[in-house]
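# Next comes the sequence, and after it the predicted model I'd like to discuss.
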Amino acid sequence: MEEALNSPKKNSGCFKGCLVVLFVMAVLVAGGIWLVLDPNSPLNKTSAIECVCEWARLNPLPVPNSAVHVETKGSMFTREFIVTFHGDKKSILQWLNASPGTQNAYRDIHSLKYERMSISPGGGAQFAEITISEEGTKVVIRAYWS
């Protein structure tokens, strides 16, 4: 009877269970870190998009957040967001025409390859610009403060 209690099979089952619990905990911690640190996590992406729209004085983007790529640069003393998305030309043009930041923007057309709009920033930002592809379907917004 005592031999059955100390058998390797019982101990290995407990060990495997502990490994599974540790693995699940590691996955949950990694997921939490991703939600907090990755600029394209749902939490950070929404916040960054709202911030860029405020800094560049833009209306809400004409595409869903899931179709937007966000790149974050800087440190705790500086912050830059680069927001990129693709959409149909008509929706993008309507969005640009309706946004207050683009009304008095300086427009610079580079050999018809792209159009860059320098925007007077808002919300405490020092810089904001929009670049639109020649086809009018790709938009890159840069905004930062320091």
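Okay, I see it. Residues are numbered from 1 along each chain as shown.
# Strands of the chain, residue ranges please.
68-74, 79-86, 106-110, 114-119, 127-133, 138-145 (DSSP state E).
# Of those strands, which is nearest Gly17?
strand 68-74 (39.9 Å; CB to CB). C-beta: built from backbone N, CA, C; applies to glycine.
# packing partners for the closest one?
Helices and strands touching strand 68-74, by 3 or more CB pairs under 8 Å, 6 or more residues apart in numbering; DSSP states H and E, are helix 42-55, strand 79-86.
# Specify the stretch among the strands of the chain that is closest to Lys45.
The nearest among the strands of the chain, by CB to CB, is strand 68-74 at 5.2 Å.
# Now do the same contact list for the spatially closest residue to Lys73 that is not a sequence neighbour.
Closest residue in space to Lys73, ignoring its immediate chain neighbours: Glu80 at 4.2 Å, by CB to CB, 6 or more residues apart in numbering. Glu80 is in contact with Thr72, Lys73, Gly74, Arg142, Ala143, Tyr144, counting by CB atoms under 8 Å, 6 or more residues apart in numbering.
# Provide a list of residues in contact with Tyr114.
Contacts of Tyr114 by CB under 8 Å, 6+ apart are Thr131, Ile132, Ser133, Glu134.
# so which of those residues is the most crowded?
Highest neighbour count within the contacts of Tyr114: Ile132, with 21 neighbours (other CB atoms under 10 Å).
# Could you count how many residues lie near the spatially closest residue to that one that is not a sequence neighbour?
Residue nearest to Ile132 in three dimensions, not counting chain neighbours: Glu115, with 4.8 Å by CB to CB, 6+ apart. If you count neighbours by other CB under 10 Å, Glu115 ends up with 16.
# Could you do Ile119 as well?
Neighbour number of Ile119 under other CB under 10 Å is 25.
# Then the one 10 residues further on?
Counted with other CB under 10 Å, the neighbours of Glu129 add up to 19.
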